[in-house]
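> need the 3D shape of this:
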Amino acid sequence: MQKFNFFVSRVALFFQKLRYLFRQYQYFFFVYAKKKIDVDLFSYRPLISILVPVYNTQLKHLKAMFQSVEDQSYENWELILLDDASPDEKPGIYLKEEAKRNSKVRYYRSEKNGGISIATRQALNYASGEYVAFLDHDDRLSKDALCTIVDALQTEKNRPEFLYSDEIFQSKTFGVFSVSAKPDFSPEKLISHNYICHFVVVAKSLIDKMGGIREGYDGSQDHEFALRASRHTNRIRRLPFFLYIWRLHGESFSRKKAEVCERSSQKAISEYYAEKNEIVERIDSGHYPFTYHALRKLKTNHSVLIVVLGAELELDILYSKIIKLTQKTSNVNFEIAIGVNETEESQVSNWKFPENTKIHLHTSANRNLNTKEINRIVSDTEGDFIFFWNPILSLQKEDWLYELLQHGESEGIGAVSPVVTNSKRELLYSSLILGKKGFIGVSGNGLSPMKSKIWSGEWIEKNVSALSKNVLLISRIHWKTIQGLDEAFSDSYWDVDLSIRLRENGLRLVSNPFSEFLLESKRDCFREFHPGNSNTIVDRNVLFEKWGDRLETDSFYSPHLDLVGADRLPKGLFHGFFDWFWKRSWKSK
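Residues are numbered from 1 along each chain as shown. Just a heads-up that it's a prediction; the model follows:
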């Protein structure tokens, strides 16, 4: 029976991959639209230096790379080829001839092999462009790659200094490829893994400011470079176009040096946090290869106010869940705020808690506290962090609070949330997605760590656009910054409003899958985001009126991806129609 179940799971996985493969072909060939750009209208035409370290490249791949550069629709570029002492003379002979033929191409050869970082740094020394582009020796650029980059540089005010694009992974099997759709700049996701990869174009002035190309990170030099750049500029721009074709084959660098790559990334992550004065105690592997989970030392002991939301549990069960939530968390003082009616008050008053836990009772018609009651509770308590919790969600991991606090106390983080899973450890919630099915959706897709892949965007620390009140941690400092909850809302959608206001204040939201809660019952604590829900129409109208079009676009959910069906799949042929239908449905209720 076990073998049969394994066979069934493998078949299901095969069809899942096949579905994704055909869906992305459908999207790429029939839905995806390249941006139409008129180069003649450019007022700013910077020279772009394209750096290509070369080492024993197969001639056919090298020729394809070279041809993709020569075919660029934007013509103000220079190609700098640095041969890192290749034993094979054929690439050098070919490139020398091409450099003689085209004055925009320059070829140099090192006397000895130094590795990719040293070769890239040497190539940079020959660059004279205002911007520098990085291209691997066996990859290709789309014809409009440089044109799209320069189009994004036309505005002088806050002109981007670091740009990256979406890309295509091309298999060695003819005709097989996959698309890599990336979010807007996501610092926490970049720490977890190098999702940026290619195509990267950087201002030469920024490279000089950040100290150039460092050696000692071979295998993860791109990861180290991106992390360091993010500490020197906030003018980072993602371009949602497939500008780069990354050739995946047996000779690709990342396939051969896995251990070196991981050590280099871990070193870069430790240095990144050191510059922020945060101490990394260790770095564990993430749920996927080449992903990482940093565990940092908390800066101080904390006090946490837990605001209990929802009215669906018997008091005895609620008490046991609160005890479990707080009992194995050391060096933390808790305040527990619960809304109770008059008949419940005497029973709850007799609950026994450890010395580090205080109980605050708020007399209310029911336990589903509204925004006015929550604001009053927070103002009457002292916890330096506030954790909103729906108790139908049970604790899954004992270090839940540490995982939230290590992000919550970090510079620039406005709020952080754990994930929610079911009994099979399938993901029910990792964040809210703005624009999903015409309104707001719940990200998760039922993916377990075993079934999920890195392209899913799940089971990895990441920045998001909105978090649910069912499990949400915010510091009191940031609570005061946004002046608490907007009391125009009653008891629904205030979490979306809070999320957007935090981001309006330049703060980031984080989803952390290493803090995990469990939904054991069939009750749904996210039902207000179901398209069929009609019980929250007043609060929904307040949200529409306040934020309007802002609710239709999610910065951390790629515009290439489906907003009407399964998360993270490329859009289907009829996506536009269904998107219109859902928007009309929500706003007509």
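
> the nearest residue in space to S192 that is not next to it in sequence: how many residues sit nearby?
Spatial nearest neighbour of S192, chain neighbours left out: E461 (4.6 Å); criterion: Cβ to Cβ, 6 or more residues apart in numbering. For the C-beta atoms, the positions are set from N, CA and C on the backbone; glycine is no exception. Residues lying near E461 (other Cβ atoms under 10 Å) number 26.

> quick one, what contacts E461?
188-189, 191-192, 293, 407, 510-514 (Cβ atoms under 8 Å, 6 or more residues apart in numbering).

> going through those, which ones are buried?
188-189, 191-192, 293, 407, 510-514 (16 or more other Cβ atoms under 10 Å).

> wait, which of the residues you listed is closest to I537?
S511 (28.0 Å; Cβ to Cβ).

> helix or strand right after the worst-scoring helix or strand of the chain on mean pLDDT?
For the chain, using mean pLDDT, DSSP states H and E, the weakest element among its helices and strands is helix 253-256, scoring a mean of 50. Next helix or strand after helix 253-256 toward the C-terminus (DSSP states H and E): helix 258-275.

> can I get that following helix in PDB, CA atoms only?
Provided in PDB are the C-alpha atoms of helix 258-275 (Å, rounded to 0.1, in the frame of the first residue of the first chain):
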ATOM      1  CA  ALA A 258      26.400  23.700  -4.300                       C
ATOM      2  CA  GLU A 259      28.300  23.600  -1.100                       C
ATOM      3  CA  VAL A 260      30.600  26.500  -2.000                       C
ATOM      4  CA  CYS A 261      27.500  28.500  -3.100                       C
ATOM      5  CA  GLU A 262      25.700  27.900   0.300                       C
ATOM      6  CA  ARG A 263      28.800  28.800   2.300                       C
ATOM      7  CA  SER A 264      29.200  32.000   0.300                       C
ATOM      8  CA  SER A 265      25.600  33.000   0.700                       C
ATOM      9  CA  GLN A 266      25.700  32.300   4.500                       C
ATOM     10  CA  LYS A 267      28.700  34.500   4.800                       C
ATOM     11  CA  ALA A 268      27.100  37.300   2.800                       C
ATOM     12  CA  ILE A 269      23.900  37.100   5.000                       C
ATOM     13  CA  SER A 270      25.900  37.300   8.200                       C
ATOM     14  CA  GLU A 271      27.800  40.400   6.900                       C
ATOM     15  CA  TYR A 272      24.500  42.000   5.800                       C
ATOM     16  CA  TYR A 273      23.100  41.700   9.300                       C
ATOM     17  CA  ALA A 274      26.400  42.800  10.900                       C
ATOM     18  CA  GLU A 275      26.100  46.100   9.000                       C
END
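
> which residues does that helix contact?
Under Cβ under 8 Å, 6+ apart, the answer for helix 258-275 is 191, 193-194, 216-221, 223-224, 227-228, 231, 254, 279-280, 283, 285, 289-290, 292, 294, 296.

> inside strands: which ones of the residues you listed?
280, 283, 285, 292, 294, 296 (DSSP state E).

> partner residues bridging E516?
Under DSSP bridges, the beta-bridge partners of E516 are V419.

> contacting residues for it?
Applying Cβ under 8 Å, 6+ apart to E516 gives the contacts 396-397, 400, 418-421.

> ok, S499 next?
S499 sits next to 415, 432, 465-467, 509 when contact means Cβ under 8 Å, 6+ apart.

> out of the residues you listed, who's nearest V179?
When these are compared against V179 (criterion: Cβ to Cβ), the nearest one is S465, at 21.4 Å.

> so the closest one touches R508, yeah?
No. Counting by Cβ atoms under 8 Å, S465 does not reach R508; the two are 10.3 Å apart.

> the more surrounded of these two?
The neighbour count for S465 versus R508, taken as other Cβ under 10 Å, is higher for S465 (24 against 20).

> of the contacts of E516, grab the buried ones for ChimeraX.
To isolate the buried ones among the contacts of E516 in ChimeraX, judged by 16+ other Cβ under 10 Å, type:
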select :396,400,418,419,420,421
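
> so which of the contacts of E516 comes closest to W351?
Closest to W351, out of all of those and judged by Cβ to Cβ, is W400, at 21.2 Å.

> so what pLDDT did the nearest residue to the closest one once chain neighbours are set aside get?
In space, and not counting its chain neighbours, W400 is closest to S515: 4.5 Å by Cβ to Cβ, 6+ apart. Looking at S515, its pLDDT reads 97.

> residues in contact with S515?
Contacts for S515 (Cβ under 8 Å, 6+ apart) come out as 397, 399-401, 403-404, 418-419.

> repeat that with 7 Å
Contacts for S515 were tallied using Cβ atoms under 7 Å, 6 or more residues apart in numbering; they are 397, 400, 403-404, 418.
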